[in-house]
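Asks: Generate a structure from the sequence data that follows.
(chains A and B)
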Amino acid sequence: MNPLQTLRVALRAIWRNKMRSFLTTLGIIIGVSAVIAMMAIGAGAKAQVEAAFAAMGTNMIILLPGSTTAGGVSGGFGSMPTMTWDDLAAIREEVPTVKAAAPSLRSNQSIIGEELNWSTSVTGTTPEYFEIRNWPVDEGVLFTQADVDAGAKVVVLGQTVVLKLFGPNASPIGHTVRMGNIPFQIVGVASRKGQSAQGQDYDDAAFIPATTFQQKISKGLSKYLSGTIFIESTSAETTTRAMKDITDLLRQRHNIPPGGDDDFSLRNLSEIAGAQQQGTDTMTTLLASVAAVSLLVGGIGIMNIMLVSVTERTREIGVRMAIGAKPHNILLQFLIEALSLSLAGGLLGVAIGVGIAQWLAARFKWPMLIQPDVIMVSVAFSAFVGIVFGLYPARKASQLDPIDALRYE
Amino acid sequence: MDDQPLIRIENVTKVYVTGDVEVRALAGVSVTIQSGEFVAVMGSSGSGKSTLMNILGCLDRPTAGTYHLAGREVSRMSRGELAETRNHILGFVFQNFNLLSRTSALENVELPLVYQGCGSRERRKRATEALGRVGLGNRLDHTPNQLSGGQQQRVAIARALVGSPQVILADEPTGNLDSRTSIEVMALFQELGRTGITIALVTHEPDIAEFATRVIIVKDGLIKSDDRQEQKPAIVPPLPPIAEAPK
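Replies: As a prediction, the model looks like this:
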């Protein structure tokens, strides 16, 4: 008896009890479609997180100066300026994986407008900063390198500051604001950046050239760069490399002996992104495992119905044996029947799962992410379930004594 | 007749053990059946005739003794080998027909060939032929519940025939049929017997046994008598033709 004939016999037996067969496969259908839908949800969420981090700049590295240790009390990163302007220049020029680097000197200042005033965080920086942070202007222009070189009294305001000083729908370009009695001309308004994950308002900020900041706000030129440095690597892949190169460069420049502690710290957003992704991955795994359990339950349903089928068809088995079916013919017949049931359920489940995933993608504007390997694995798993749970009933059928089977009422 | 008998069983015993009770269904039976014989096995219920038929039919193995079928010792064969023997050498006809329900006559008859590994075209050809031989050439696509009892038994006989067996074993083949249909079925068996097929049937009706060439009576697990006889021709009384009778 060739496999094709066995398959035909099995399919006919399934077709004879359409409703029962359908209900039996329902467990597998639900299991497989749930696994596929869950994996697609997970992949969609992951893609969204990735996109969000890409917008924030995954190839952004933040360089913080080292900490002071005074009388056994560590001051925390940034408490002591250890970086010099020469370090910044060296990073820009000597590390090939660095695309851009910008200082970030910060201070809270009260900004006085024509009628209103507002306290905000003022950052002294260079034009590269906006490129690194992926932060263009909505109105006006950014200050230029020439402004930085000249120590021009120009300012780029964040959206929140504009709102607080000028009210809604105002165009502040060309107006003057004062910081500690020094007038600054507004050259640009930065685009809306929104909030950080911690609820900090990115748009509540003002930016002035770093040189101006040093001269007018922190007062007096200094060899040390008393702030942080924002660095952009050439690509997301070279970020790790860039971090290592910067570390090597700074250790050499600061004469830190091997084994000595760094007097600076490098942070990278991709680490946070990685943690976030791990979170979504864990969630996806959890959802998929719950769905996989229903596959197992579906398998038990198949075993149950196969046992019923074997009992029901005891006489048929007896007849088949009497006219020459060998035990393995009977075994194969019932095994293929169970396999067909579970595989049909698996394929139907794939169709439904893909449908659900597509609907979700359209509903939540996610990218359509159905991995072919997920489909293959779930179909293979449903086939595996069919074989595992079909084996016991099929063995039971093949071990029947033909005389007893023929006599069975 | 050949030198070698087609069926030779010697000192066959069969003991069933249920719990601590031993039942001796066969207590040392020896029979030889030559090719082409038409043997009726008779006996009351519990006499051991069904056990004897099960052993002859390779459905069961004797507890002791030997069984040679077509020159081969079959009493110690494995389940798989027995299945193959049943498939190639034997054909079965049962009291309750045992056709697969919701399956056409043609497919029922094809079944033994399926297990022989025949191609579908050859199966169809041989099954059609066999159904023609039992007079059901025009009922190929009927399912068992669309056929009368006599027709169902003919399908079963066609199924027994289709694998070109050397022996047909029939267990009370007329037990579920009325007397007219019984005679018809017996006529069919006689016709097959004339073509050289060996037939062994179990019956408890003496008038059915009359159609055989030899009657073996089993009692208490032993052969009580074994007589050859003049075969009574099975002639169906005229009126009305059963095969065409609507049911």
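
Asks: Near chain B, which residues of chain A are found?
Replies: Contact residues, chain A versus chain B (CB under 8 Å from any CB of the partner chain): A:1-2, A:5, A:16, A:315-316, A:318-329, A:402-403, A:406. No exception for glycine: its C-beta is placed from N, CA and C like everyone else's.

Asks: Which among those residues count as buried?
Replies: Buried by 16 or more other CB atoms under 10 Å in any protein chain shown: A:1, A:5, A:315-316, A:318-327, A:329, A:402-403, A:406, out of those.

Asks: The residue lying closest to residue A:310 once chain neighbours are set aside: what's it in contact with?
Replies: Closest residue in space to residue A:310, ignoring its immediate chain neighbours: residue A:397 at 4.5 Å, by CB to CB, 6 or more residues apart in numbering or on different chains. Residues near residue A:397 by CB atoms under 8 Å, 6 or more residues apart in numbering or on different chains: A:310, A:313, A:317, A:330-331, A:333-334.

Asks: Could you pull out the strands in chain B for me?
Replies: Assigned strands in chain B, in chain order: B:7-18, B:21-33, B:38-42, B:64-69, B:72-73, B:90-93, B:167-171, B:198-203, B:214-219, B:222-228 (criterion: DSSP state E).

Asks: how deep is the closest residue to residue A:408 other than its chain neighbours tucked in, by neighbour count?
Replies: Nearest residue to residue A:408, sequence neighbours excluded (CB to CB, 6+ apart): residue A:314, at 4.1 Å. Using other CB atoms under 10 Å in any protein chain shown, residue A:314 has 17 neighbouring residues.

Asks: ditto for residue B:15
Replies: Residues near residue B:15, counting by other CB under 10 Å, number 14.

Asks: Skipping its backbone neighbours, what lies nearest it in space?
Replies: Distances taken as CB to CB, 6+ apart place residue B:63 nearest to residue B:15, at 4.7 Å, with adjacent residues excluded.

Asks: What of residue A:268?
Replies: In this structure, residue A:268 finds its nearest non-sequential neighbour in residue A:61, 5.1 Å apart by CB to CB, 6+ apart.

Asks: Which positions in chain B make contact with chain A?
Replies: For chain B, the residues in contact with chain A (CB under 8 Å from any CB) are B:54, B:57, B:59-60, B:79-80, B:83-84, B:86-88, B:91-92, B:94, B:98-100, B:102, B:111-112, B:114-117, B:120, B:159, B:163.

Asks: Just the ones of those in helices?
Replies: Counting by DSSP state H, those place B:54, B:79-80, B:83-84, B:86-88, B:111-112, B:114-116, B:120, B:159 in helices.

Asks: Can you name the two of the residues you listed that sit furthest apart?
Replies: B:54 and B:120 (32.1 Å; CB to CB).

Asks: the more surrounded of the two?
Replies: The residue with more neighbours, out of residue B:54 and residue B:120, is residue B:54; 21 against 14, by other CB under 10 Å.

Asks: quick one: pLDDT of residue 77?
Replies: No chain specified, so I'll use chain A. Note on residue A:77: pLDDT of 57.

Asks: Not quite, go with chain B.
Replies: 91.

Asks: Could you double-check that residue A:233 lies in contact with residue A:61?
Replies: Yes - Residue A:233 lies in contact with residue A:61 (CB atoms under 8 Å); the separation is 6.4 Å.

Asks: those strands in the stretch 251-400 of chain A, which residues are they?
Replies: With DSSP state E, counting those that start in this stretch applied, the stretch 251-400 of chain A shows strands at A:264-268, listed in chain order.

Asks: Not counting residues beside it along the chain, what's closest to the residue of the stretch 301-409 of chain A found nearest chain B?
Replies: The stretch 301-409 of chain A approaches chain B most closely through residue A:324 (2.5 Å), counting by CB to the nearest CB. Ranked by CB to CB, 6+ apart and with sequence neighbours excluded, the top spatial neighbour of residue A:324 is residue B:87, at 2.5 Å.

Asks: Tell me the confidence at the one you found?
Replies: According to the prediction, residue B:87 has pLDDT 94.

Asks: same deal with residue A:53?
Replies: Note on residue A:53: pLDDT of 71.

Asks: Can you give me the neighbour number for it?
Replies: Counted with other CB under 10 Å, residues neighbouring residue A:53 total 19.

Asks: what's the burial count for the residue of chain B found nearest chain A?
Replies: Closest contact between chain B and chain A, by CB to the nearest CB, is at residue B:87 (2.5 Å). Per other CB under 10 Å, the neighbour tally for residue B:87 reads 24.

Asks: show me where the stretch 51-200 of chain A has helices.
Replies: Remark: helices assigned in the stretch 51-200 of chain A by DSSP state H, counting those that start in this stretch are A:85-94, A:128-132, A:145-150, A:159-166.

Asks: For the stretch 151-300 of chain A, give me the ranges with low pLDDT.
Replies: A:197, A:220-221, A:270-271, A:273 (pLDDT under 70).

Asks: Going by proximity to chain B, name the top residue of it.
Replies: Per CB to the nearest CB, residue A:298 is where the stretch 151-300 of chain A lies closest to chain B, at 27.4 Å.
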